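Peer 1: mind folding the following:
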Amino acid sequence: MHHTLDRSPSIVSGLRPRLRLRVPLRGSGAAATAPDWGKLMRCCTYAETVQAAAVGAPTAATAGTTTTVTAATPFGTTANQYRGLPLTASGDQSFTTGIIGYTAGRLISFGEARSSALTVSSLLQIPANVLYAPTSDEAVFKSATLYFYADGFNWRFGGCQGTWSLELTTGGIGTLTFELRGQMLAMTGAALPTGWNTAIRPTPPRFVAGRCQINYATARSRRLMFDAGVEIVLPDNPEAVEGYDPAVPIARDSRGSIDPLMDTSLSVALYDNFRAGTPMPLIAIVGGTAGNRFLVTAPAARATGFRPGARDGLGQHDIAFQMDGADSDLFLCAF
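Peer 2: This is a model prediction of the structure:
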């Protein structure tokens, strides 16, 4: 009997790849046309809804306050029909904001407080847009086949699903990060496909001259983060080629963080809401050109951490938050 102290080489087990893709927050350049990265949003438990035509002519409101406005026909009568969508106002006021709530009575709640109430002289419109909204409907879930090219080689992954996050830095561009799980299909020698570099896209907009509102007040922040928090598993299956099935989402826990400067008219309310667990609306708008502007909406963000600090010699708060709402906690809209 032969004996050796050397161990045998390990046996390669099923490969369980994790894929990370970082892309700029950049639109298609045409209103109501989905951006390139929209395909990946649909693989992250988000539904894509294209609204090809604007709602309203613009159309005069019937009543208003500093945080709400009541619309008229042709606005619909379905509750939450326009939640997560942008609202443009003209007439006695001119601004663009985000809708955080909508009732069957056409009452629109938006995520900021105006200095004066909207009136019957306010003209309302929802521009053409593409909305990405969370869903738990498995029939809506999509999976992707990804091709990665490098140095004359091609890696192919199938059944990919995952989660997404967005980082907004004041003065810079927004960055989307997709974290995907999937099946390793093949690695082969391959050249880049024809036409890969011919697409013409607009320049990503900077996070300036937009909106950053928390609890109905301006948040003078340097960095704003959103994370959809989708949890993905690869179900075990001994009959599958690599020993597991395509990726499956099992939970979603949307979170984020923001770092507003201290403000005597804002900070106490933020702290009190943190201590009481009171949800706060949070909206951000990036860009000003149709087809290359974006709205992020968290209708009910609950602060889970509240830490004072300093930035550039000024006081700031580091606020962690968790977003609340079944299939309604976090929206991303291109318009």
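Peer 1: can you give me the helices in the stretch 1-150 of the chain?
Peer 2: 38-41 (DSSP state H, counting those that start in this stretch).
Peer 1: where does it dip in pLDDT?
Peer 2: 1-2, 12 (pLDDT under 70).
Peer 1: can you show me the strands along it?
Peer 2: For the stretch 1-150 of the chain, the strands defined by DSSP state E, counting those that start in this stretch cover 18-24, 46-51, 55-60, 63-64, 68-70, 86-91, 95-102, 107-110, 122-126, 129-134, 144-150.
Peer 1: now do the buried residues in the third one.
Peer 2: What that stands for is strand 55-60. Val55, Gly56, Pro58, Thr59 (16 or more other CB atoms under 10 Å). (Each C-beta comes from the backbone N, C-alpha and C, glycine too.)
Peer 1: which two among these are spaced furthest apart?
Peer 2: Using CB to CB, the buried residues of strand 55-60 reach their maximum pairwise distance at Val55 and Pro58, which is 9.4 Å.
Peer 1: what do the two both touch?
Peer 2: Here Val55 and Pro58 have Gln125 as joint contacts, going by CB atoms under 8 Å, 6 or more residues apart in numbering.
Peer 1: OK, contacts around Phe331?
Peer 2: Counting by CB under 8 Å, 6+ apart, Phe331 touches Arg83, Gly84, Leu131, Tyr132, Ala133, Pro134, Leu295, Val296, Thr297, Ala298.
Peer 1: same list (those) but as a markdown table, adding neighbour count and distance to Asn197.
Peer 2: A markdown table is the format used below for these (neighbours: other CB atoms under 10 Å; distance: CB to CB, whole Å):
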| residue | neighbour count | distance to Asn197 |
| --- | --- | --- |
| Arg83 | 20 | 38 |
| Gly84 | 26 | 34 |
| Leu131 | 22 | 30 |
| Tyr132 | 24 | 26 |
| Ala133 | 22 | 32 |
| Pro134 | 22 | 33 |
| Leu295 | 27 | 30 |
| Val296 | 24 | 30 |
| Thr297 | 30 | 34 |
| Ala298 | 30 | 36 |
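Peer 1: distance to Arg42 added to the residues you listed, as a markdown table?
Peer 2: Output for the contacts of Phe331, formatted as a markdown table (distance: CB to CB, whole Å):
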| residue | distance to Arg42 |
| --- | --- |
| Arg83 | 19 |
| Gly84 | 16 |
| Leu131 | 12 |
| Tyr132 | 8 |
| Ala133 | 11 |
| Pro134 | 12 |
| Leu295 | 18 |
| Val296 | 17 |
| Thr297 | 18 |
| Ala298 | 20 |
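Peer 1: in the protein, which helix has the most residues?
Peer 2: The residue-count maximum for a helix in the chain (DSSP state H) belongs to helix 267-276.
Peer 1: what lies in contact with it?
Peer 2: Ile214, Asn215, Ala217, Pro260, Thr278, Pro279, Met280, Ala303, Phe306, His317, Ile319.
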